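Asks: curious how this folds, go ahead:
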Amino acid sequence: IYQHCILWGNYTTYDVKCEQDIFNPATDHYDIMMLATPENADKSETVYQCCHHFCYARIISIYHANVQYIGPG
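Replies: Residues are numbered from 1 along each chain as shown. Sure, this is the predicted structure:
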């Protein structure tokens, strides 16, 4: 497992342009907002009908790992 100080994130803007943002837990760039997904795919009511459209998070630390799956499938 490797620890990093900065995370670069690519995203698409509302006018369909590609942009990049930098997230750094040591500065004020550590809060993120993501589009919510339905919590239960088997139910007819989705998160868009009953709850918030976005999820909010705070980046505490940044890690990555090189993982290999060895097994069937």
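Asks: look up how far Thr27 lies from Thr12.
Replies: Thr12 sits at a distance of 24 Å from Thr27 (criterion: C-beta to C-beta, to the nearest Å). Quick note: C-beta positions are derived from backbone N, CA and C, even for glycine.
Asks: hmm, I was thinking of Ile60
Replies: Distance, Ile60 to Thr27, by C-beta to C-beta: 13 Å.
Asks: more crowded one of those two?
Replies: Between Ile60 and Thr27, Thr27 has the larger neighbour count (other C-beta atoms under 10 Å), namely 10 against 7.
Asks: so what pLDDT did Thr13 get?
Replies: On the pLDDT scale, Thr13 is placed at 87.
Asks: hey, where'd the strands end up in the protein?
Replies: Per DSSP state E, the chain carries strands over the ranges 2-4, 7-12, 18-23, 31-35, 54-58, 62-64.
Asks: now those as JSON lines including distance to Gly73?
Replies: Shown next, in JSON lines, are the strands of the chain (distance: least, C-beta to C-beta, whole Å):
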{"stretch": "strand 2-4", "distance to Gly73": "27"}
{"stretch": "strand 7-12", "distance to Gly73": "29"}
{"stretch": "strand 18-23", "distance to Gly73": "33"}
{"stretch": "strand 31-35", "distance to Gly73": "28"}
{"stretch": "strand 54-58", "distance to Gly73": "30"}
{"stretch": "strand 62-64", "distance to Gly73": "24"}
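Asks: go through these and find the least confident stretch.
Replies: strand 31-35 (a mean of 84).
Asks: list the contacts for the closest residue to Ala65 other than its chain neighbours?
Replies: Spatial nearest neighbour of Ala65, excluding adjacent residues (C-beta to C-beta, 6 or more residues apart in numbering): Ile1 at 4.9 Å. Applying C-beta atoms under 8 Å, 6 or more residues apart in numbering, one finds that Ile1 lies in contact with 63-65.
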